[in-house]
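>>> Predicted model and sequence below, questions to follow.
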Amino acid sequence: MLYFIVMVMSLLFKENEIDNIVNEFQPLFWALAQNEACHCLGRVPEGTLSQNRDQNTGTENCYNNVIPKNTLAIGQGAKPSHTDLETFENRIQSILVDPGPQFLQNIQALAETIVFCRDRKRGCGQRDEAYQMLFIWYKYFPDWALRLFGRFVYEGVGTWADVKYLCGYLASIRCEDSFVSTCVENFTNSLIDRMNTQIVSDRLQWDLAIADYLEKRDVIFSEGIDVSLLGGLPKRPRALETISIAVKWVPRESSKYRWLFEKMVLRWGRKYHPNYFVKLDGGDKENYPDIWSHQKRVLNKLSMMYRKMVASLSKEIIYDLKNT
């Protein structure tokens, strides 16, 4: 069986990619050999996701080959029910237990269904249902689920608002199962880190764009260059053309997502300002008997820094929106 799957993969991927792909699939291959694939958390390599979604019918037909027609009302304007979502998860397990000759095609079709369900323009636009399906996917393929979410925010399938609302959905999950709780925590942290990384990247990109703009102006004025020969002064960069609008969807402290804002601040602080956590992590109770009070001061300081960063970028985006 393993040899057969590798042969199928050899037909789908380039020769120099086979070794990497086999290594990625190694946990799944081992589980297949032990006939325990339904308990295996697989890692699916990047590149197996289909990019051919120019037509809705392509995804629908591909999906209907995996799930019997009308089992899940995807692409028909109806919302998946709880039973449909259970069927979705059962289908994942059945494909893992008995891969068959169409293993990669079938598992890829299920992944594309999640994107199709969320797609605002070419799909169903069912946000909440897509979140539920994506979390189910994360329990089996965490890396692949994060790549799928990347398509939400980078390819126009969804928006950066999905970070806030998906984290809200994850927070609503109540389960005593430690595995599910761990998945919720890890998935939430990964989403927060992705948004924080984007905001920091936007901040750096905007600073570089403004610095370049100011430098060009200084050169013109300091050297007395005739502006008419240049066709006018350099134009100030526009935020909407330079950075993303991720900051627009950062939770506000005064909203019901205050808990998410504080979590974003703390994870941003630990990654980009770890010096603030040295004393907290060290647990120096002798010099800092009131650790809670110190932690609150750290949170307040980081929150102020985070707010300034977000507010400065938001100001530029709002300015562009008003003058578009």
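Ah, there it is.
>>> Now the terminal residues of stretch 244-255, how far apart.
23 Å (Cα to Cα, to the nearest Å).
>>> Equivalent analysis for stretch 243-252, please.
The first-to-last residue distance of stretch 243-252 comes to 20 Å (Cα to Cα).
>>> For the chain, give me the ranges with low pLDDT.
Applying pLDDT under 70 to the chain flags the ranges 1-84, 282-292.
>>> longest helix in it, by residue count?
helix 178-222 (DSSP state H).
>>> So what's the residue count around the closest residue in space to residue 225 that isn't next to it in sequence?
Distance criterion Cβ to Cβ, 6 or more residues apart in numbering; nearest residue to residue 225, sequence neighbours excluded, is residue 219 at 7.4 Å. C-beta here means a position set from N, CA and C on the backbone, and glycine is covered the same way. Neighbours of residue 219 under the rule other Cβ atoms under 10 Å: 11.
>>> now residue 219: how far from residue 228?
Counting by Cβ to Cβ, to the nearest Å, the gap from residue 219 to residue 228 is 16 Å.
>>> Ok, residue 89 next?
68 Å.
>>> What of residue 134?
56 Å.
>>> neighbour-wise, which of those two wins?
Taking other Cβ under 10 Å, residue 134 and residue 228 do not tie; residue 134 has more neighbours (24 against 7).
>>> domain assignment for this structure?
The record's domain parsing of the chain by automatic domain parsing lists 2-158, 191-322.
>>> ends of the shortest one, how far apart?
The reference is to domain 191-322. Using Cα to Cα, the end-to-end distance of domain 191-322 comes out at 30 Å.
>>> Repeat that for stretch 169-185.
12 Å.
>>> Any buried residues in that stretch, and which?
169-170, 183-184 (16 or more other Cβ atoms under 10 Å).
>>> Now for the residues you listed: which two are most distant?
Distances among the buried residues of stretch 169-185 were taken as Cβ to Cβ; the most separated pair is 169 and 183, at 12.8 Å.
>>> anything in contact with each of those two?
Residues within reach of residue 169 and of residue 183 at once, by Cβ atoms under 8 Å, 6 or more residues apart in numbering, are residue 135.
>>> burial measure for residue 221, as a count.
Neighbour tally, residue 221, other Cβ under 10 Å: 11.
>>> how close does it get to residue 92?
From residue 221 over to residue 92 (counting by Cβ to Cβ), the distance is 63 Å.
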